[in-house]
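K.L.:
missing the sequence, but the structure's below:
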């Protein structure tokens with residue numbers, strides 16, 4: 001038994017254009033995030049907590065995009081021959097698991113980055129002690145474990161559901177709300193668990209992400225120097241931009257009521273969340289970050305020296 005993925009379009013010229021565009025976006029996502037991950041890993045100037053979390057974010061963005069994009073590109077090519085885009089139930093549930101796992105992990109990582117900025121600005125003298133490598137490693141481990149745990153609960157609950165034989169998913173990948181909509185079993189237990197974990201987990205993440213900025217803002221306002229204020233603000237703007245973009249797309253996908261009139265906008269927001277956000281994140285951080293640009297130049301000159309030696 002399998003599901004039919006409706007996808008984004010049935011018009012061949014549109015499908016060709018979407019394939020070229022999304023392939024380009026996906027390759028750029030992999031290249032930019034791999035570059036940040038490589039720079040943080042190899043440049044000792046970037047060996048500090050902020051860039052440690054940024055490297056984790058880059059790896060998450062690559063993983064998050066890779067859950068949906070390769071399958072979508074494959075379907076855009078094969079649909080012109082097979083006229084349908086089918087996916088098996090195990091593959092669909094696996095896609096739900098990894099998609100939610102990476103999304104939850106990214107939300108938690110963004111909250112960890114908020115805490116890092118809070119310690120750096122509000123307690124600069126204790127920063128090295130409070131954000132030691134051991135603490136950072138524990139925080140990163142908790143991010144990955146918690147994200148996988150929440151996703152595993154949702155995926156296991158999907159196994160108790162039965163699905164109709166002629167089920168169509170009106171998107172280009174499997175997601176939890178779509179699976180609930182097409183089930184032939186009463187999803188009451190799933191809905192209760194989703195609501196309870198979503199409410200507690202979501203509220204906790206929101207508090208952990210935005211509460212530190214209340215203290216950060218009050219600390220910045222007490223800084224007398226305009227240069228000091230500008231420098232403190234500049235260390236937070238990139239992170240806040242990424243947070244608002246990621247939260248905005250998720251809110252539109254999961255909390256805006258789905259209807260026929262909103263179907264196109266819902267698919268567009270899904271594309272932004274799954275494809276565009278993972279590309280925007282490295283661009284936002286790299287273009288506004290002198291340390292990363294300097295590390296990139298150092299790597300470039302180092303490669304030039306290696307080439308010259310041969």
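P.N.:
Yep, that arrived. No experiment lies behind these values; they were computed from the predicted model shown.
K.L.:
residue ranges with poor pLDDT in the stretch 151-300 of the chain?
P.N.:
Scanning the stretch 151-300 of the chain for pLDDT under 70 picks out the ranges 165-166, 255-264, 287-288.
K.L.:
let's go with 80 and repeat that
P.N.:
The model of the stretch 151-300 of the chain has pLDDT under 80 over residues 164-168, 170, 198, 223-235, 251-269, 286-289, 300.
K.L.:
quick one, helices of it?
P.N.:
Shown for the stretch 151-300 of the chain, the helices assigned by DSSP state H, counting those that start in this stretch span residues 176-181, 188-221, 226-255, 263-271, 277-287, 290-309.
K.L.:
Any idea which of those gets closest to residue 88?
P.N.:
Closest approach to residue 88 among the helices of the stretch 151-300 of the chain (Cβ to Cβ): helix 176-181, 13.1 Å. (Glycine included, C-beta is placed from N, CA and C.)
K.L.:
Give me the helices and strands touching that closest one, please.
P.N.:
On a contact count with 3 or more Cβ pairs under 8 Å, 6 or more residues apart in numbering; DSSP states H and E, helix 176-181 meets helix 89-122, helix 133-158, helix 188-221.
K.L.:
and among these, the most buried is which?
P.N.:
helix 89-122 (a mean of 21; mean count of other Cβ atoms under 10 Å).
K.L.:
So which elements touch that helix?
P.N.:
Helices and strands touching helix 89-122, by 3+ Cβ pairs under 8 Å, 6+ apart, are strand 2-5, helix 49-82, helix 127-130, helix 133-158, helix 176-181, helix 188-221, helix 226-255.
K.L.:
Run the angle between it and helix 133-158 for me.
P.N.:
Angle, helix 89-122 to helix 133-158, by axes from the mean of the first three to the mean of the last three Cα atoms, to 10 degrees: 150 degrees.
K.L.:
can you give me how far helix 89-122 is from the chain middle?
P.N.:
For helix 89-122, the separation from the chain centroid amounts to 7 Å (computed by Cα atoms, centre = their mean, to the nearest Å).
K.L.:
And stretch 116-127, by the same measure?
P.N.:
Stretch 116-127 sits 25 Å away from the centroid of its parent chain (Cα atoms, centre = their mean).
K.L.:
how far does it stretch from start to finish?
P.N.:
Taking Cα to Cα, to the nearest Å as the measure, stretch 116-127 stretches 9 Å from start to finish.
K.L.:
about what we covered before: need the helices and strands packed on helix 89-122 in a markdown table with distance to residue 42, can you?
P.N.:
Below are these laid out as a markdown table (distance: least, Cβ to Cβ, whole Å):
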| stretch | distance to residue 42 |
| --- | --- |
| strand 2-5 | 40 |
| helix 49-82 | 11 |
| helix 127-130 | 22 |
| helix 133-158 | 17 |
| helix 176-181 | 38 |
| helix 188-221 | 30 |
| helix 226-255 | 21 |
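K.L.:
picking that back up, make JSON lines out of the helices and strands packed on helix 176-181 and add distance to residue 46.
P.N.:
Listed next are these as JSON lines, based on distance: least, Cβ to Cβ, whole Å:
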{"stretch": "helix 89-122", "distance to residue 46": "14"}
{"stretch": "helix 133-158", "distance to residue 46": "13"}
{"stretch": "helix 188-221", "distance to residue 46": "22"}
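K.L.:
So which of these is nearest residue 268?
P.N.:
Closest approach to residue 268 among those is made by helix 89-122 (17.5 Å; Cβ to Cβ).
K.L.:
got the angle between that closest one and helix 188-221?
P.N.:
Per the same axes, to 10 degrees, the angle that helix 89-122 makes with helix 188-221 is 20 degrees.
K.L.:
pLDDT averaged over helix 89-122 - what is it?
P.N.:
Here helix 89-122 scores 92 as its mean pLDDT.
K.L.:
Then stretch 19-28?
P.N.:
The model assigns stretch 19-28 a mean pLDDT of 94.
K.L.:
returning to that earlier point: minimum distance to residue 94: which of the helices of the stretch 151-300 of the chain has it?
P.N.:
That would be helix 176-181 among those, by Cβ to Cβ, at 11.9 Å.
K.L.:
And the closest one, what's buried?
P.N.:
176, 178-180 (16 or more other Cβ atoms under 10 Å).
K.L.:
and which of these is nearest to residue 265?
P.N.:
residue 178 (16.0 Å).
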